[in-house]
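Chemist: dropping the sequence and predicted coords here.
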Amino acid sequence: MAALSAKVAVVTGSSRGIGAAIAKLFAQEGARVAVDGRDEAALSAVHADIERAGERAIRVVSDVTNLEAIESLRAQVESQLGAVDILVANAGGNPSSPAPIESMTEAIWRANRRRQPDRDVSHRQKFRARTRVGRRHALLTTGDGRMLGFRDSQVTGRALLTTMLVGAAAGAGTGAVTYFAFHRLSDGTASGWLAQMIVAEVYGILTASLLLRFRPVQEDPLALRPISRRDIGLAVAAWLAVLATSSIGYWLLQPLIGSPNEAARQVLSVATDAKRLQGQSSPAWAIAIARGCVLVPLFEELLFRGCVIAWLRSRWTRAASITTSAALFAGMHGYPIVMPFAFLFGLFSGWIRMRTSSTTNTWVMHVLNNVVFLSVGLWLFR
């Protein structure tokens, strides 16, 4: 059975380019597709291609900058195909129809440029399509539907590097101020919570740098989107798969690293605060647990499964992007004993990110991992 059999898909801006390719692929996978756009001739050609292949499709000529047109689109789709299961908000928003650049006048070019800084038209179109079409039926009531959108820009290496450098500098400065402000308290019990506070501040500032630079946070590359119970279940299953495959990996590496039990003790010793928290004050415990189990996972997922994968994906294949991101994630941990587990975690969480189009799922997966590891470490080193 085809992957999208019996599903109803709406693809706005599907008269050509990416939208047309998506519509044809969905139809090949068994979906009943509504193609939508302003160019009637181009839309008719896409519609004819789909039906010529023996698939079911309808065409709707509309301008999604108009609310009435979107309501009409929704009504036609529901009456002819049924309730919408998949919405791809692909429409752009140029004031002119697509055409070769040599036929574009300077006035049209200037009008397009004026609209670029905040992408207002493009974002408004996606908002209207999602709220007018996507709010109905399976998309938001059953939890089985999907709404997809496309941003006009990609993560650039320069933007990501600059964001990290600025965040690191701000974190270092804030940490220094905190240290000197509480320097007189840094004796015995105070030193533990102060060190934990400074590390938490650095991670907090780095996370805030990503959230502020790559807005809106629910869109790519950060993709902190709402998730369903099914997505959470998939993330938990992926984490269990990481545990299983890493256990096999450490067993195979016994000649190099010793027994799996000894490897597990080393991993828990260096990858968690279980040993470092022994004998520390309650404030130090509270700060370390919140940082290690919530804040650090959020930062690492936004960075590696959000920005890094998005940057790599604009250049390489999906598999190469996930693998490279996982390798960078493993290298970031520094300790060789941790790297095999971190690499496998990066592979599985990268797959979850691509599969669900959300870093919220991988954050849940990461939080679960860190909570379990810290709990086991505290029991082991008690």
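Modeler: Arrived safely, thanks for sending.
Chemist: hey, let's count contacts and neighbours off CA atoms from now on
Modeler: OK.
Chemist: can you tell me which residues contact G13?
Modeler: Residues near G13 by CA atoms under 8 Å, 6 or more residues apart in numbering: G19, A20, V35, D36, G37, R38, A89, N90, A91, G92.
Chemist: which SS state does it fall under?
Modeler: Following DSSP: H, G, I helix; E, B strand; the rest coil, G13 is assigned to coil.
Chemist: what of A176?
Modeler: A176 is classified as helix under three-state DSSP.
Chemist: tally of neighbours for it?
Modeler: Using other CA atoms under 10 Å, A176 has 12 neighbouring residues.
Chemist: and for G306?
Modeler: There are 27 residues near G306, going by other CA under 10 Å.
Chemist: likewise for L87?
Modeler: Applying other CA under 10 Å, we find 22 residues neighbouring L87.
Chemist: in a markdown table: the contacts of G13, plus neighbour count.
Modeler: Shown next, in a markdown table, are those (neighbours: other CA atoms under 10 Å):
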| residue | neighbour count |
| --- | --- |
| G19 | 22 |
| A20 | 26 |
| V35 | 29 |
| D36 | 30 |
| G37 | 25 |
| R38 | 19 |
| A89 | 28 |
| N90 | 25 |
| A91 | 27 |
| G92 | 20 |
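Chemist: out of those residues, which are inside strands?
Modeler: When DSSP state E is applied, the contacts of G13 are split such that V35, D36, G37, A89 fall in strands.
Chemist: where does pLDDT dip in the stretch 151-300 of the chain?
Modeler: 151-154, 183-191 (pLDDT under 70).
Chemist: again, only this time at 80
Modeler: 151-154, 183-192 (pLDDT under 80).
Chemist: quick one: secondary structure of V33?
Modeler: What three-state DSSP gives for V33 is strand.
Chemist: make 278 the starting number, not 1.
Modeler: Shifting the count to begin at 278 puts that one at V310.
Chemist: ok, for V337, nearest residue in space, not its chain neighbours?
Modeler: Nearest residue to V337 in three dimensions, chain neighbours excluded: D313, at 4.9 Å (CA to CA, 6 or more residues apart in numbering).
Chemist: actually Q555, sorry about that
Modeler: R659 (7.8 Å).
Chemist: out of the ones in strands among the contacts of G290, flag the one nearest to A619.
Modeler: Nearest to A619, judged by CA to CA, of the ones in strands among the contacts of G290 is A366 at 35.1 Å.
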